[in-house]
Structures are given as C-alpha cells and as structure tokens.
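**Q** Below is the sequence, then the predicted model.
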Amino acid sequence: MAAKRRRLAERRKALGYSQEFFADQLGIDRTTAGRWELGKTEPCPYIRPKMCDLLKVTPDELDDLLALREEHPQASVATSTPVVIGRVVTEAPLTGEGDDMYRRELLRLLSIAGTLMVLPQPANADVQEWVGPSDEADDVEQHVLLSGHLWQVFALSKSKRLVYPLVHDQLKLLVKHLDQAHSARARQQLCVVACDLFQLAGEICFDSNRYTDAAYCYTMAVSAGREARCYDRWACALTRQAFVNLYEHEYPQATAVLSAAARIAQRGDSRLSTRHWVAAVHAEAHAGHGDQAACERALAVADEVLDLADPASPGGWLRFDGSRLADQRGTCYLTLGRADAAEASLLAALDQATSLRRRGSLLTDLAALGLQRRDLDQFLHFAGDAVDLAEQTQSAGYVGRKLHGIQQQLQPLLSDSRVVQLNDRIAHLSAPAPH
C-alpha cells in the first residue's frame, strides 16, 4: 500500500485546522496540502519554517511528521475497533463475493423472521405472562441490550459495514427465539426487538447505497412494528422507508408514506419526538414538491421538539432531539432555491456538527449552494472539504452518493482545471450501487 503522512494530517486536525485553513495560512492551494498528506509531493524548504510555526513543532518534529509511512489496515483496526458485549468487531472482507454472501444471508434471515412474526399464534398464546423460570424474559432482555449496543457501534463506526456480522448473528438468534416463543407477551416483545434490528439492517444497506435492500429491510421493520403495535417504532420504520423515496427524488411516494407515518405517530408516546421527526422529513418531501407553505408548516411542527422534556428520544431507532433542526431547514431551503436562508442554516449546522457523516452531508449541501449561485470558489471550497472527508472515512457511501448527485452539474465547468481535478476525485469515490 502507498506510503502516506497520516501523522501530518493528525497534527493538523489536532490543532483544529481544516485543510483549507492550513493551506491559506501557508499561502498555498488546498490541493497542495492534500498532496503532501497523501505523500505525493514534498513541501519546499522555504515553506517549512512557516509549517513549524503553524503546527507548533520544531524542525526535527516536522521532519518526523513528513516521514512517509506504509499504511497497515490491520494495525489501524486494532486502535479503533469497537467492542460489543465483550466481542471485538473486526473488519470483515465485505467486498465482491463476500459482500454478496453477507447480503444474501441477511435478507434470508429477514424473510424467515418476517414469516415467523405473522404466523398464527400457538395454542397457549393467550398466556400473557412469561412462561418458565423467566427464561423468555431473560432472552428478550438480552436482545434489547444487544440491540442498543449495535446501534451505538453503528453510530461510532467509520465503516458502517463493520456492524454487518453482528446484525447477522443477532438475527439468527432472533429467528430461533421467535420460533420458540411460548407466550403472547414474549412474541410481542420479540417483534419490538425485530423492528429495531430490521431498521438497523436497513441503515447499513442505505449507507452502502443498496437502496432496494434498504427498502426491503424497512418494509420488514414496518411489519414488525405493526405486529407489536408499537406505534413509535412503526412510524420511524415508515419514515426511514420514505428516505429511500426522497433520495430517488420520488416525492409523491415519500409524501404518501410520511402521511401514514404521521397518523401512526399520533397514536404513539407523546413524550417522544417521533411525530416531530416525521414532520422534519415531511418538510423535505414538500420542498421537493416545491410547496413552500407546506414545508414551513412541517418545519414548525418539527421545531416543537424543543418543547419536549428530556429525553425526547431514546437513541438508536429514534435519535431526533432537535439538534439537527438547522440541517433540516438548510436542506429544505436549498431545495426550494432560497439561497440566503439555506446558507445561514447550513453554516449554523456545520458549526455544531461533530459526526463525519453529518459534516460531509452539510459540506456537500453548501457546495451545491455554490453551484446554485454560480459561485465557483464556494463550490470548490466546500466540495473539496467534502471529498477530503469522504476519502478519509471507510464509509463514503452516504456522502459519496450526495457528491455524485452534484457531479452531474459540473459539465459546463470542466474547462477549469480545479474542477477537473475535483471531478476526478469524486468519480473515484464509491459509485452508487446498482438496484
């Protein structure tokens, strides 16, 4: 594998410098700084004293930062590998045939679990309490605990596909316990767990740009939520299903699904933020339709999440707590062509964003705004940072998909060498998966 200067990039980030800021302070182009970190070029001698001052290091320490080092994937996993209930999660070979094998097995288990959920209940299903010496209660409690940890690993992992093997194992166990459930109460609780797990499986597929697989997972989650009569999870599963329509620009379909989700959410727990999240996503669908009035009404409902008492969201399957309201507004205003309002909201959201996925999405929206305004410098600035982020992570699917979406608008600008270079970098990101 090619040698890089990972320590140089880490030092820059540790000081809170973006690649753009670092380059500006040195009086160079951002792409030059990027090539240094990738090990493709060397800083000229005259600029090294400036680098020492900016990075707050001695010349010897700078030489160490500039030393080329071979990348070893196995070693990097060891330093950032998640642990779930005592199990170390290692990077599985999820490419090519291996990836397809995991996918087929995951979908097979989903189908089996879905069938078991809708089978006629056993003769003793009228027994409402746990059967046996609390064995069923212990099984369900373990499922709930593991489900919560899996959502945490998914949120923290740079490579979302790391969670694939764990979801697979948990699905196998769920199928076994669904088949052996002896009481109506156990069956209902296992359907709740299934709704969580199916939504997580859908998130993994969605992040990998497998939208057809994601839609199937979400459909199964909808069925599980309905069987459990768990209205909040049911509504959330429908909302995730609508996201697939939104990313395919199928706004009428998304609106229909979200209208159903809103009706179901009204029957849920009023202390949770479910109905507010549904409204926030509904606002995006209205913006896609070009219906500004309906979009603003939906955003107003979403804003009411701030009036809820803490905690309004349990995490995992429902994470909408109002911290991303600016993101939602910015995305809606961008779609509606309200450039100034979009910029204010997106920049405010970027200041608060900590997750790589969220920052990548916001940077891409700001790049799209630059194209909308015909401001080439703004586009290059934000798109360059978005590509940097996508290249640094092992899960470029979500951000890469958004960047591929704006790539189609670059054709008239390809006479500019900077645009050509950026276009090539976008093209080398994970391409959208076929349906």
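**A** Right, received. Where do you want to start?

**Q** Nearest residue to Pro49 in space, ignoring adjacent ones along the chain?
**A** Among residues not flanking Pro49 along the chain, Pro59 sits closest, at 7.9 Å (Cβ to Cβ, 6 or more residues apart in numbering). In this view, the C-beta of every residue, glycine as well, is placed from N, C-alpha and C.

**Q** from what I can see the one you found touches Asp53, true?
**A** No. Contact between Pro59 and Asp53 fails when scored by Cβ atoms under 8 Å: they sit 10.9 Å apart.

**Q** need the strands for the stretch 1-150 of the chain, in chain order.
**A** 3-4, 69-70, 83-84, 87-88 (DSSP state E, counting those that start in this stretch).

**Q** Quick check: mean pLDDT of the helix or strand where Tyr216 lies?
**A** Secondary structure from DSSP states H and E places Tyr216 in helix 211-228. Helix 211-228 carries an average pLDDT of 93.

**Q** Run the chain-centre distance for stretch 407-425.
**A** 26 Å (Cα atoms, centre = their mean, to the nearest Å).

**Q** Between the two ends of it, how far is it?
**A** This stretch, stretch 407-425, spans 11 Å end to end (Cα to Cα, to the nearest Å).

**Q** what do you get for stretch 320-340?
**A** Start-to-end, stretch 320-340 (Cα to Cα) is 25 Å.

**Q** now do stretch 26-43
**A** Start-to-end span of stretch 26-43 (Cα to Cα) is 11 Å.

**Q** Packing partners of the helix holding Tyr216?
**A** Packing partners of helix 211-228 (3 or more Cβ pairs under 8 Å, 6 or more residues apart in numbering; DSSP states H and E): helix 96-118, helix 184-207, helix 231-247.

**Q** Was I right to think Arg210 contacts Arg103?
**A** Yes. Between Arg210 and Arg103 there is a contact at 7.2 Å, judged by Cβ under 8 Å.

**Q** Which one's more surrounded, these two?
**A** For Arg210 versus Arg103, neighbours defined as other Cβ atoms under 10 Å are more numerous around Arg210 (21 against 17).

**Q** In three-state terms, label His249 for me.
**A** coil (DSSP: H, G, I helix; E, B strand; the rest coil).

**Q** pLDDT of the helix or strand that contains Leu389, averaged?
**A** Here Leu389 sits within helix 376-392, counting by DSSP H and E. Averaged across helix 376-392, the pLDDT comes to 88.

**Q** Please parse this protein into its domains.
**A** Here the domain assignment for the chain is 3-71, 97-121+131-229, based on automatic domain parsing.

**Q** Looking at these, which is nearest to Gln409?
**A** With Cβ to Cβ, the closest approach to Gln409 among the domains of the chain belongs to domain 97-121+131-229: 19.6 Å.

**Q** Specify the angle between the helix holding Tyr216 and helix 231-247 in degrees.
**A** Here helix 211-228 runs at an angle of 160 degrees relative to helix 231-247 (axes from the mean of the first three to the mean of the last three Cα atoms, to 10 degrees).

**Q** Heading C-terminal from the helix holding Leu389, find the next helix or strand.
**A** helix 397-407.

**Q** Just want the angle from that following helix to helix 376-392.
**A** Going by the same axes, to 10 degrees, helix 397-407 makes 150 degrees with helix 376-392.

**Q** who touches helix 397-407?
**A** Residues from elsewhere that reach helix 397-407 (Cβ atoms under 8 Å, 6 or more residues apart in numbering): 160, 206-209, 247, 357, 360-361, 364-365, 367-368, 371, 383, 386-387, 389-390, 393, 423, 426-427, 429-432.

**Q** Now that we have those residues, which of them are buried?
**A** 160, 206-209, 247, 357, 360-361, 364-365, 367-368, 371, 383, 386-387, 389-390, 393, 423, 426, 429-430 (16 or more other Cβ atoms under 10 Å).

**Q** so who does Phe206 touch?
**A** Ala214, Arg240, Phe243, Val244, Tyr398 are the contacts of Phe206 under Cβ under 8 Å, 6+ apart.

**Q** Closest to Val222 out of the residues you listed?
**A** Lowest distance from Val222 to the contacts of Phe206 (Cβ to Cβ) belongs to Arg240, with 9.1 Å.
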